[in-house]
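[1] Quick one: sequence plus predicted model below, questions after.
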Amino acid sequence: MRRGLAGRLRRLRVAAIPAVLVFLASCASHAPQDSLKAHGPVARKEDNLFVAVFIVAALVFFLVEFLLFASVFKHRHRPGRPDPIQVHGNTKLELGWTVVPALLLVGVAFPTIFTIFDLAKEPTKNVLPVEVYGHMWWWEYRYPTLGISTANEMHIPTKTPVRLSLRTIEPGLPAAKGEDFAAGVIHSFWVPPLAGKQDVVPGRVNKLTIQADEPGDYPGQCAEYCNLSHANMRLRVVAQTQNDFQAWVVQQAKPVVVPGGGDAAAGYKLFTGRGTCIGCHTMQGVQGATARVGPNLTHLMGREKFAGDTFDINPENLNRWIHNPSKMKPMRPEQGTGMPDLVDTGPHLTDTEINQLVAFLTTLK
Amino acid sequence: MAVAVTQAPARPFARPKSEHGFWSWISTVDHKRIGILYGVTAFLFFLVGGTEALLIRLQLAGPNGKILTAEEYNQLFTMHGTTMIFLVVMPTAAAFGNYFVPILIGARDVAFPRLNAFGYWAFLAGGLFLYSSFLLGGAPDGGWFGYAPQTIGKFNPGHGIDFWLIGLIITGIGSLTAAANFIVTTLNLRAPGMTLMRMPVFVWMNLVVSFLLLFAIPVITVALFELFFDRHFGSNFFNANLGGDPVLWQHLFWLFGHPEVYILILPAMGIVSEVLPVFSRKPLFGYSVVVFSGIAIGFMGWGVWAHHMFAVGLGPVANSAFAASTMFIAVPTGVKIFNWLATTWGGDLRLKTPMLFALGFIGEFTIGGLSGVTHSIVPSDYQQTDTYYVVAHFHYVLFGGAILGLFAGVYYWFPAVTGKLLDEKLGKIHFWLIIIGLNLTFGPMHILGLQGQPRRTYQYPKGMGWEMWNGIETLGAFIIALSILVFIVNALKTARSKEMAPPDPWDARTLEWTIPAPPPAYNFAEIPVVHARDDFWHRKYTEDENGRLVRIPAGGADEASGVTEHGGGGTTTAEHDDHGDGHGHGIHMPSPSYFPALAGLGIFIIGYGAIYHWWIGAIGGLILLAGIFGWGNEPLAEEH
């Protein structure tokens, strides 16, 4: 009876341990941020190496677990069995299981090191450079050759290597000098379907190449703990055909369309005046509205989500957000990290004014 | 250790006299009682850290969890990691080291009994100091790795990080004194004939860990001080704007942090190396290879730290070098696994609870070791680092490895400490529940990490495909919690039971089983003379020309070892020694002292001085000085 139960439990364990392997099957489920479903050459190189090494590791795993279970079943105590032979060691065997794993690892080391150098290569042909800035807690993208900037959603053309320069702050900006730790904290830019992550480190400019085979929406997020709202620092890369991408660039380069009348026009006045919005946000075409503390809002409605790719952009959410941003997404505006409460502090916006602001924001195609 | 002092200088305080009750625990300098203090304290912290883990798992059971706020979640995962590493696994290993290293080498005491007591009080002071942050404005939220600069200035207002910094500096003081004490004890106090290559593997691993601590703790202490200076004194070690570098913190932290991983796992490996031969009734396969691979791990552990930093942008040359060194540290680790398997092979395996935990260690630790090798594949680590894949990896190493190994030690040595056997049936239920629970909790984390779930996020949105496995993990965590409840029931039940274990209940191999249980204060009535590795075993058995075991006739064994009815060489002495303190036997043991605890209290108060007001620090400083002064002027032992 006891042995029967133990046997059943042991079989259960056999089933539980290699749960690791079930991941192969589980990849079939819909996980858009899956690092094992490569949608570009960079991620593919990384995944191929992983799969190869995983197979070797799985073989070693089965060998060890097999020996463990075999030993337990074969040599477990049974009444009447004579005492075991006292083996103290075996030099040949021990040399064997030192040298064989070492050779196995040498075999793994070569492709690893080749791929490390391969991935570090600067792409040369037909490269689109993009500057990525990690803020607390959102992403800013600037396209230096195209003269445009956007936030959280990065548009890229397919089949084109996109060379990212990752940093927290632009050297030379007033905030980059003097003020204590204005350079921000460490983040990590990660879009699993396109490439592994690369940290964004204050004081450094790191490089990363991403490239997409096919048009699509590729989600990612900050992968280095950046304190309070780390979980809400998401992002997405929107890969488009060359034509679609060009059209997007043309649209992004346009200045704001000033609303003719109604709530939206009142909102525009608030945005550029009493509401103090341009103290932090860029609005292309408005004199002096070039601040980069918060995202460039000129084409806000061209994006799907806001606040670090966290909330759908719609009037209700925008309304709630302006009422008290830290309530929707934890931030520390009193410490200068995150959007302040504009109702209880600063301009003390009224409900009507917030409606007007939202009316304006929703015109920003 | 029998130090006779001819003249006691005048002192302001009376020397502690009590041998039972609360004050006897405060003033004890007996390495065994200090070991128990370490063990019990660490277990209480284990319950706290485990509760934090359960809250984390409840929050993540489904998408957009609402049980905790971001702030609370960040505090809990920081405290969970810090607690489990510094306040659970390290002190539990120290508990076994304290209790058993002197006995295993045939010594009556450690080299520095009062320093040893002080080490415990510093550990307790650091732990309580750290946890007082919950009552004083909020716990630290910078992660156990405390990366700069998110732990500095406006990015981290409040005192949480200060509690973390000072708390770890204080526990570090305890670790350093413990390390120095272990090294001197192991090298200088071995019984005659106990050569280094006859020492039990657990003693060896404890020695390696002590050296690792001795060199690693100063590195983290420097880093902690620098961060404290950046926070409070306007220094700019980690301020990129003014020429500092946040990456400096990472180098310092991981230069400590990776040896720390081996500090956590080597003691468990030592315990497993003790348990497997006993329950296989065979000697450890390749003793010297197991010992030297442990030493090799100790050395190589210093050359792999940047594998925590592959995504930082150190460049392809550095990444390749650390990839190679990381792969090769897998070799001595793998050697140990195969030697353990070979130890069981051909044995007569008694599947008692300690053995089950040791076998579980092999099975689970292998998973963590192999996923560790996959981290050294830098290009795929770009995907895996900072995801749940890494969380899976180190929980297989530290829970499937260290915790299972330490539980093997608890079940194995419980009768040596208390004279009573833990219940086998409950022990087996504990084992199977913890195995099922840990694989359900940590197994799916591999999958989630590869599916892109990052660590240290208090919420994840719907539609990421992560819901099912997260739900299963939460279920697994509660199965682990249930298994720990079973263990607690077992321990309480056994403590109440009157039934005493037979002497040498496991038919074991080493010296702790030659003395009565619980052991007298002086451990050995007569210092043993050691003739072989596994000396006790060789007093009981010999081998015929085919390598078969032959039992030495019963009378012979008793004669050789002094084993008697109550397991040890103390029967004759016990007649004369009704206190069990050696007084009646003419053995002078160090007398208890209040001063190590007083010094620990001083350091505890100084910690608050560093955070609040200088005068609190001054009071703490005076108490510390009084502690050291009294300690320095007190003779080690009283004249009788």
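    Alright, I've got the coordinates.
[2] Any idea how many residues pack against residue B:463?
    12 (other CB atoms under 10 Å in any protein chain shown). Bear in mind the C-beta positions are built from the backbone N, C-alpha and C, glycine included.
[3] whoops, residue B:270 was the one
    For residue B:270, the neighbour count with other CB under 10 Å is 29.
[4] Now do the helices in the stretch 51-200 of chain A.
    Ranges of helices within the stretch 51-200 of chain A are A:91-120, based on DSSP state H, counting those that start in this stretch.
[5] Nearest to chain B within it, name that residue for me.
    The minimum distance from the stretch 51-200 of chain A to chain B, using CB to the nearest CB, falls at residue A:196 (2.4 Å).
[6] ok, residue B:72 - how many residues close by?
    Counted with other CB under 10 Å, the neighbours of residue B:72 add up to 16.
[7] sorry, that was for residue A:205
    14.
[8] one step back: tell me the contacts of the spatially closest residue to the residue of the stretch 51-200 of chain A closest to chain B that is not a sequence neighbour?
    Distances taken as CB to CB, 6 or more residues apart in numbering or on different chains put residue B:382 closest to residue A:196, at 2.4 Å, once the chain neighbours are dropped. Taking CB atoms under 8 Å, 6 or more residues apart in numbering or on different chains, we find residue B:382 in contact with A:46, A:119, A:195, A:196, A:197, A:198, B:310, B:311.
[9] 7 Å instead?
    A:46, A:196, A:197, B:310, B:311 (CB atoms under 7 Å, 6 or more residues apart in numbering or on different chains).
[10] and the spatially closest residue to residue B:353 that is not a sequence neighbour, helix, strand or coil?
    Leaving aside its sequence neighbours, residue B:353 sits nearest to residue B:427 (CB to CB, 6+ apart; 3.3 Å). Following DSSP: H, G, I helix; E, B strand; the rest coil, residue B:427 is assigned to helix.
[11] quick one, strands of chain B?
    B:541-543, B:549-551 (DSSP state E).
[12] ok, of these, where does mean pLDDT dip lowest?
    Mean pLDDT values for these show the minimum at strand B:549-551, a mean of 88.
[13] Mind listing the strands that one pairs with, and their directions?
    According to DSSP bridges, strand B:549-551 has the following sheet partners: strand B:541-543 (antiparallel).
[14] residues making contact with the partner strand?
    With CB under 7 Å, 6+ apart, strand B:541-543 has contacts from A:86, B:549, B:550, B:551, B:552.
[15] Which positions in it come out as buried?
    Neighbour counts over strand B:541-543 (16 or more other CB atoms under 10 Å in any protein chain shown) mark residue B:541 as buried.
[16] I'd like the distance from that strand to the chain centre, please.
    The chain centroid and the centroid of strand B:541-543 are separated by 35 Å, computed with CA atoms, centre = their mean, to the nearest Å.
[17] do the same with stretch B:543-552
    On CA atoms, centre = their mean, the centre of stretch B:543-552 falls 37 Å from that of its chain.
[18] got the CA coordinates for that stretch in CSV?
    In CSV, the C-alpha atoms belonging to stretch B:543-552 read as follows (Å, rounded to 0.1, in the frame of the first residue of the first chain):
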residue,chain,number,x,y,z
GLU,B,543,36.0,-4.0,4.6
ASP,B,544,36.9,-7.5,3.4
GLU,B,545,39.3,-8.0,0.4
ASN,B,546,36.3,-7.6,-2.0
GLY,B,547,35.3,-4.3,-0.6
ARG,B,548,32.3,-5.8,1.2
LEU,B,549,31.3,-4.3,4.6
VAL,B,550,32.1,-6.3,7.6
ARG,B,551,30.8,-5.3,11.0
ILE,B,552,33.3,-5.1,13.8
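[19] Disregarding residues adjacent in the polypeptide, which is nearest to residue A:231?
    Residue A:231's closest residue in space is residue B:457 (CB to CB, 6+ apart), at 3.5 Å.
[20] From what I see, that neighbour and residue A:228 are in contact.
    No. With contact defined as CB atoms under 7 Å, residue B:457 does not reach residue A:228; the gap is 11.6 Å.
[21] Quick check: closest non-adjacent residue to residue A:123.
    Here the residue nearest residue A:123, using CB to CB, 6+ apart, is residue A:161, at 3.9 Å.
[22] Helices of the stretch 251-400 of chain B, start to end?
    Ranges of helices within the stretch 251-400 of chain B are B:287-300, B:316-344, B:353-375, B:378-384, B:388-397, based on DSSP H, counting those that start in this stretch.
[23] Save those helices as CSV, and put in distance to residue A:234 and mean pLDDT too.
    Shown next, in CSV, are the helices of the stretch 251-400 of chain B (distance: least, CB to CB, whole Å; pLDDT from 0 to 100):
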stretch, distance to residue A:234, mean pLDDT
helix B:287-300, 39, 96
helix B:316-344, 27, 96
helix B:353-375, 25, 97
helix B:378-384, 17, 97
helix B:388-397, 16, 98
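[24] Could you say which of these is packed most deeply?
    Mean neighbours per residue, mean count of other CB atoms under 10 Å in any protein chain shown, is largest over the helices of the stretch 251-400 of chain B for helix B:378-384, with a mean of 27.
[25] measure whatever residue of the stretch 501-640 of chain B ends up closest to chain A to residue A:107 for me?
    Here the stretch 501-640 of chain B gets closest to chain A at one residue, residue B:549, 3.7 Å apart by CB to the nearest CB. In this view, residue B:549 and residue A:107 are 42 Å apart by CB to CB, to the nearest Å.
[26] more neighbours, these two?
    A direct count of neighbours by other CB under 10 Å for residue B:549 and residue A:107 places residue B:549 higher, at 18 against 12.
[27] got the contact list for that one?
    Each residue near residue B:549 by CB under 7 Å, 6+ apart is listed here: A:83, A:86, B:541, B:543.
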